[in-house]
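Visitor: When you get a sec, could you give me coordinates for this:
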Amino acid sequence: KEFKAEALKYEISGGMSMKKGLALLMTLAMVTSLAACGSKQETPDAAAPSSTSATEETTSQAAPSTDGIPASVTLSDSTILQGKKIGCAICYKGDEWCAAVAGALEKLGSYYGCEIVVEDGDLNDETMTKQIENMIANNCDMLFIDPTTPEGTTQALNKAYDARIPILIYDGYWTSGAEEGKIITSVTWDQIETGRIVGEYFVNYVKENLDGKCRLVELTNAVSEQCQSRFIGLHEVIDKANADGCEITIVGHHDSQGNRETAYNAISSMVEPYDFIISDVDNGAMGACSALQAAGNTDVKVISMGAYGAEPFNKLHDGDPNYLACLNVDAWILSQFVYEGAISYFEGQELPEKTNIELFMVDSSNVEDFWSF
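Guide: Predicted coordinates for the structure are as follows:
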């Protein structure tokens with residue numbers, strides 16, 4: 001505006017001709033136009049941050065949810081399981097630990113974008129056999145199977161193998177399938193080492209509190225090979241302790257069948273004095289605790305060789321007079337290894353024949369490390 005006013009002043013005073021005045025006005029218009037064009041070129045750059053922010057927001061929204069997955073679980077960033085249909089069965093959802101495994105498998109399946117529903121074998125070979133046959137008919141891409149018994153579902157699993165469906169065994173065993181190389185891997189834990197770990201804890205407790213002398217009752221499950229294997233490791237440790245001067249006597253051995261009522265009845269019928277009960281699974285341990293408390297016996301201590309969840313951990317946290325300790329097999333960590341095996345297989349990586357997860361003894365001194373209260 002000042003430039004235009006100055007030109008007009010020259011025009012009026014005769015210091016500038018009309019022609020020169022018009023030329024100057026045209027130059028001014030061109031400068032103004034160029035300035036306007038320059039400001040328009042800056043507009044896309046100014047809008048760019050908004051575009052980038054929207055992209056980042058979309059990516060964040062597309063990321064799988066980790067809600068409900070413990071921080072202890074190591075998650076893979078692989079997308080190779082997306083859209084895969086996985087057939088899955090577990091031996092018995094009536095067991096709290098098995099129910100926790102089933103929930104973890106389904107939650108991690110959702111995270112990885114695959115289709116999976118964990119079916120309940122209900123401790124019945126015929127039930128699980130039908131479930132596996134249905135999985136084959138539904139053209140599943142892979143099977144996750146926790147066999148009810150080591151050989152009870154062999155016929156159905158052989159059909160899956162013949163149909164070229166990869167089979168991953170977890171928790172339990174398919175003995176012949178592993179021996180014949182029909183499974184891609186087995187995710188479990190060392191059952192004999194389970195007994196050894198429990199045995200070391202038990203013997204140390206007896207040495208520190210009972211001068212190395214006690215009477216023991218065992219609760220087991222006769223139809224479960226893995227449960228029987230736990231007692232092999234336990235007896236190794238007890239025999240060694242007795243050879244070194246301890247006096248640990250087994251005064252009772254009962255088949256609880258992994259059932260609380262059966263364990264309750266077995267302990268209720270015990271007449272001979274005893275100091276400890278060691279159960280292969282937590283259902284047996286809980287049945288034993290109930291029988292002791294019904295009899296008003298707060299002296300006998302109970303140890304479980306396999307436990308997980310609110311019930312056993314709350315007992316330890318609250319100082320239950322009978323429930324002393326348990327071996328913790330983390331349902332989430334086992335499930336993590338199952339998915340790591342599946343991812344490795346579909347990515348063409350080599351898999352070990354067996355993967356044993358880490359095991360921990362838990363009592364009132366460290367239970368808060370394994371459960372939130």
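
Visitor: my guess is Y111 contacts T66, does it?
Guide: Yes: with contact defined as CB atoms under 8 Å, Y111 counts as touching T66 (6.8 Å). No exception for glycine: its C-beta is placed from N, CA and C like everyone else's.

Visitor: Show me the common contact partners of those two, please.
Guide: The contact sets of Y111 and T66 overlap at L75 (CB atoms under 8 Å, 6 or more residues apart in numbering).

Visitor: In terms of packing, which of those two has more residues around it?
Guide: Set Y111 next to T66 and count neighbours by other CB atoms under 10 Å: Y111 wins out with 20 against 12.

Visitor: Contacts only, for that one.
Guide: Here Y111 is in contact with 64-66, 69, 75 (CB under 8 Å, 6+ apart).

Visitor: mind listing the strands for this protein?
Guide: With DSSP state E, the ranges of strands along the chain come out as 85-90, 115-120, 142-145, 167-170, 185-188, 213-220, 247-255, 276-279, 301-307, 323-328, 354-356, 360-362.

Visitor: Take those and write them to CSV, including distance to A295 and mean neighbour count.
Guide: Formatted as CSV, the strands of the chain follow (distance: least, CB to CB, whole Å; neighbours: other CB atoms under 10 Å):
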stretch, distance to A295, mean neighbour count
strand 85-90, 34, 23
strand 115-120, 34, 18
strand 142-145, 41, 26
strand 167-170, 38, 23
strand 185-188, 36, 23
strand 213-220, 14, 21
strand 247-255, 15, 16
strand 276-279, 13, 27
strand 301-307, 13, 27
strand 323-328, 15, 25
strand 354-356, 38, 16
strand 360-362, 26, 17
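
Visitor: Take these and write them to a markdown table, including distance to S344.
Guide: Supplementary listing: these in a markdown table, determined by distance: least, CB to CB, whole Å:
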| stretch | distance to S344 |
| --- | --- |
| strand 85-90 | 15 |
| strand 115-120 | 17 |
| strand 142-145 | 12 |
| strand 167-170 | 10 |
| strand 185-188 | 8 |
| strand 213-220 | 35 |
| strand 247-255 | 39 |
| strand 276-279 | 35 |
| strand 301-307 | 27 |
| strand 323-328 | 26 |
| strand 354-356 | 10 |
| strand 360-362 | 25 |
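
Visitor: top of the contacts of Y111 by neighbour count?
Guide: I69 (18 neighbours).

Visitor: Double-check that residue against L108; I have them as touching.
Guide: Yes: when contacts are counted by CB under 8 Å, I69 is listed as touching L108 (7.1 Å).

Visitor: Just the terminal-to-terminal distance for stretch 305-319.
Guide: 19 Å (CA to CA, to the nearest Å).

Visitor: Stretch 315-322 now?
Guide: From its first residue to its last, stretch 315-322 covers 9 Å (CA to CA).

Visitor: Residues in contact with that stretch: which ones?
Guide: Applying CB under 8 Å, 6+ apart, the contact partners of stretch 315-322 are 288-289, 292-293, 297-298, 300-302, 323, 325-326, 362-364, 367-368, 371, 373.

Visitor: Stretch 365-373 too?
Guide: Under CB under 8 Å, 6+ apart, the answer for stretch 365-373 is 310, 313-314, 316-317, 328, 330, 360, 362.

Visitor: what do you get for stretch 124-142?
Guide: 84-87, 89, 91, 119-121, 143, 145, 147-149, 152-153, 155-157, 159-160, 163, 165-168, 342, 345-346.

Visitor: and what of stretch 342-359?
Guide: Under CB under 8 Å, 6+ apart, the answer for stretch 342-359 is 76, 78, 80-81, 84, 86, 112, 142, 144, 166, 168, 178, 184-190, 193-194, 197, 327-330, 333-334, 337, 341.

Visitor: next one: stretch 227-238
Guide: 191-200, 202-203, 216, 218, 220-222, 246, 248, 250, 258, 278, 280-281, 305-306.
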